[in-house]
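Novice: Give me a 3D structure for the following:
(chains A and B)
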Amino acid sequence: MTQPATMVDPRQPRFGQAITGTVLLLGFLAELPIVLPVLAALLAGASLLGPRWNLYAYLYPPVKRLLGPPSELEEAAPPRFANTLGFLFLTAATFAHYGFGTEGLAWGLGLLVSGLALLAAVTGLCVGCEFYVLARRVATKGRVSRRITRPVERTGVPG
Amino acid sequence: MIERLAIAAAVFAAVAVAYWLWKRPPRRLGRSDLAPLGIREPAIVQFSTADCAPCRKAEPRLREAATRSEVPYRRIDVDDRPDVAREYGIRTVPTIVVTGRGGRVMEVWTSLPENGEIAEAARRARIATARPRA
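Specialist: I've put the predicted structure just below:
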């Protein structure tokens, strides 16, 4: 029997992406490369260690109180995978900056993550999440071809 | 600082252009007809997937537009029909189409437009189809 998918308020990852994108952009403009390892560590916690280590999940509840309850929940795995990709890119950027002194490459990767994170926050198009869905479609030979969503009424709202 | 602002603006412009290209209505669909899908009359057709929240939001409004313009509403799930997505070049959902005579695609949107634009297009398609051919 398969485990039921962990569900999340879809606005929570977008909130996290807005913070990631904005902080990276401000870090680039203010010449603060320290944001690269800090955000890499933050995304590592969110992606590799699970929801308890996701700082954005702790920052989100006040925002949710303002927005009201979501109309539906979506599975947590795709945004978690997107966080993993963000973590890998920012780790590479950190090594590029601090290890090899290639500032251009470091900020190129940082701005790419920033651009994609802000794109997801503004439009809802999460490129990393789409890669996850695509990879799962290929891995399961089309058996799981789409994201799992549930209306809130049936599930209750976690987090 | 100005140099950095310019670089950031260039990167964000590139992301925005990529998004715009991706969201653009597929040209192939605009030149097609949906007769192979059994649509041979004026209709409002929504290409969607089950996990697409904007599609679910759009559906009641499209049904209402269809009722108002007296044309049928059809929904095609491209997850169930990946061949259709490939055939018509559909990259994004919802993709909304108004068809005319013979299922010919008259207009395409990749997001739900405001102010009754779709109902008006469907009404025009229905009136044009009702007229005898010249």
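Novice: contacts and neighbour counts: CA atoms only from here.
Specialist: Noted.
Novice: Doesn't A:Ile19 belong to a helix?
Specialist: Yes - the assignment for A:Ile19 is a helix, going by DSSP: H, G, I helix; E, B strand; the rest coil.
Novice: does A:Tyr60 sit in a helix or strand, and which one?
Specialist: helix A:55-67 (DSSP states H and E).
Novice: Could you pull out the buried residues of that helix?
Specialist: Neighbour counts over helix A:55-67 (16 or more other Cα atoms under 10 Å in any protein chain shown) mark A:56-57, A:60, A:64 as buried.
Novice: what does stretch A:72-84 give?
Specialist: For stretch A:72-84, by 16+ other Cα under 10 Å, it's A:72-84.
Novice: Repeat that for stretch A:112-128.
Specialist: Residues A:112-121, A:125-128 are the ones in stretch A:112-128 that count as buried (16+ other Cα under 10 Å).
Novice: For chain A, which segments count as helices?
Specialist: Assigned by DSSP state H, chain A shows helices spanning A:11-29, A:35-44, A:55-67, A:77-94, A:103-123, A:127-139, A:152-155.
Novice: Tabulate these in CSV, adding columns for mean pLDDT and distance to chain B.
Specialist: Below are the helices of chain A laid out as CSV (pLDDT from 0 to 100; distance: least, Cα to the nearest Cα, whole Å):
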stretch, mean pLDDT, distance to chain B
helix A:11-29, 95, 6
helix A:35-44, 96, 16
helix A:55-67, 89, 17
helix A:77-94, 94, 13
helix A:103-123, 95, 6
helix A:127-139, 86, 10
helix A:152-155, 54, 13
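Novice: So which of these is nearest B:Ala121?
Specialist: Nearest of these to B:Ala121, taken as Cα to Cα: helix A:103-123 at 26.1 Å.
Novice: outside of that closest one, which residues touch it?
Specialist: A:14-15, A:17-18, A:20-22, A:24-25, A:28, A:36, A:86, A:89-90, A:92-97, A:125-127, B:8, B:11-12, B:15-16 (Cα atoms under 8 Å, 6 or more residues apart in numbering or on different chains).
Novice: Please consider this matter closed, and thank you.
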